[in-house]
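Asker: Below is the sequence, then the predicted model.
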Amino acid sequence: MAKREGVDQRPRTFPTVKVRVEIDHDIVKGAFRNHVDHFRSAFFHVTSILGRFGLESEMSQVHGYIVEMIGEEEAEITKATSALAKQIKAAVGSEAIPRTSNNREVRETDIPSFVVRKYIGLFQAADRLVDAIVYAETAGVLSWHRRSEMLKDIPKYLRTPAGRFKSIASHLHQRQKESESNVAEAKAAMAESIAAVLESHKALKSVQSKRPLAGAKKGKGEEAKD
């Protein structure tokens with residue numbers, strides 16, 4: 001097959017770092033099992049397509065968008081954990097939050113990039129939030145209803161980044177197929193598509209705006225305190 005001008009034909013490899021991740025809680029384990037491979041595959045797919053067409057700037061834009069979204073979600077999770085710790089301290093005299101599961105699993109996963117490492121960190125933050133939610137309810141500062149709400153919302157935070165990244169990857173794959181016969185056209189169309197898809201994704205409501213974990217939710221008979 002003749003080499004097409006403007007397309008990088010070199011084999012692209014992705015060296016990875018293997019890390020060990022400790023997860024205690026089943027809802028976080030389930031999300032890890034269901035979404036991490038999809039997120040990593042989306043990274044490989046997006047990076048491969050854009051790299052093949054020399055769209056390094058657009059690649060950085062996509063990675064930046066995903067990292068920023070994960071950072072905002074992690075900030076909401078951390079804020080909720082901190083707020084519960086303060087309420088626990090007011091109730092029992094210490095804000096220390098024990099682990100609330102003895103079912104810890106250690107998983108090894110491959111990290112090919114910072115964006116994937118950032119996503120893995122979200123699971124560890126979520127695991128600690130589960131501890132805070134469970135312990136806060138046992139300390140009497142969180143109602144059972146609010147405990148249930150928060151635990152149900154945590155998987156949404158872990159699913160959303162993978163879903164958004166996969167959506168971008170699918171969009172690029174379709175654009176590549178449609179424009180395969182004309183490299184120059186494909187390159188211009190992909191750059192335009194990245195700008196459009198990022199704009200549309202950024203207009204979507206964030207999971208923390210739809211399902212806030214921290215904030216004015218009632219505990220047992222009173223407003224939750226910061």
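Answerer: Received the coordinates, thanks.

Asker: what's the neighbour count on P15?
Answerer: Neighbours of P15 under the rule other C-beta atoms under 10 Å: 6. All C-beta atoms are positioned from the backbone trio N, CA, C, and that covers glycine.

Asker: buried set for the helix or strand of the chain with the lowest mean pLDDT?
Answerer: Least confident helix or strand of the chain, by mean pLDDT, DSSP states H and E, is helix 183-203 with a mean of 73. Using 16 or more other C-beta atoms under 10 Å as the test for burial, helix 183-203 gives 186-187, 189-191, 193-194, 197-198, 201.

Asker: now for the one helix or strand K118 maps to, which elements pack on it?
Answerer: Here K118, judged by DSSP states H and E, is contained in helix 114-138. Counting contacts by 3 or more C-beta pairs under 8 Å, 6 or more residues apart in numbering; DSSP states H and E, helix 114-138 packs against strand 17-23, helix 26-52, helix 56-92, strand 105-111, helix 144-178.

Asker: Next, the angle strand 105-111 makes with it.
Answerer: If you take axes from the mean of the first three to the mean of the last three C-alpha atoms, to 10 degrees, helix 114-138 sits at 160 degrees to strand 105-111.

Asker: what separates helix 114-138 from the chain centre, distance-wise?
Answerer: Centroid separation for helix 114-138 versus its chain: 11 Å, with C-alpha atoms, centre = their mean, to the nearest Å.

Asker: What average pLDDT does it get?
Answerer: Averaged across helix 114-138, pLDDT comes to 97.

Asker: Compute the inter-axis angle for that helix and helix 144-178.
Answerer: Using the same axes, to 10 degrees: helix 114-138 against helix 144-178 is 160 degrees.

Asker: Same question for helix 114-138: list its buried residues.
Answerer: Buried residues in helix 114-138, counted by 16+ other C-beta under 10 Å: 115-116, 118-120, 122-137.

Asker: For the residue nearest in space to the middle of the chain, give me its contacts.
Answerer: In the chain, the residue lying closest to the centroid (C-alpha atoms, centre = their mean) is P161, at 3.9 Å. Applying C-beta atoms under 8 Å, 6 or more residues apart in numbering, we find P161 in contact with 39, 66, 69-70, 73, 119, 122.

Asker: and which of those residues is nearest K205?
Answerer: Ranked by distance to K205 (C-beta to C-beta), the contacts of P161 are led by M69 at 11.7 Å.

Asker: what about the closest one, distance to H25?
Answerer: Noted for M69: a distance of 23 Å to H25, by C-beta to C-beta, to the nearest Å.

Asker: just for this structure, where's the confidence low?
Answerer: Of all residues in the chain, those with pLDDT under 70 make up the ranges 1-13, 177-186, 215-226.

Asker: do that again at 80, thanks
Answerer: Within the chain, the stretches with pLDDT under 80 are 1-14, 174-205, 214-226.

Asker: which other helices and strands contact the least confident helix or strand of the chain?
Answerer: Short answer (3+ C-beta pairs under 8 Å, 6+ apart): helix 183-203 packs on helix 26-52, helix 56-92, helix 144-178.

Asker: which stretch among these comes nearest E105?
Answerer: Nearest of the helices and strands packed on helix 183-203 to E105, taken as C-beta to C-beta: helix 26-52 at 6.2 Å.

Asker: quick one, that closest one and strand 17-23 angle?
Answerer: Using the same axes, to 10 degrees: helix 26-52 against strand 17-23 is 160 degrees.

Asker: Now helix 26-52: buried residues?
Answerer: Buried, per 16+ other C-beta under 10 Å, within helix 26-52: 27-29, 31-32, 35-36, 39-40, 42-43, 45-50, 52.
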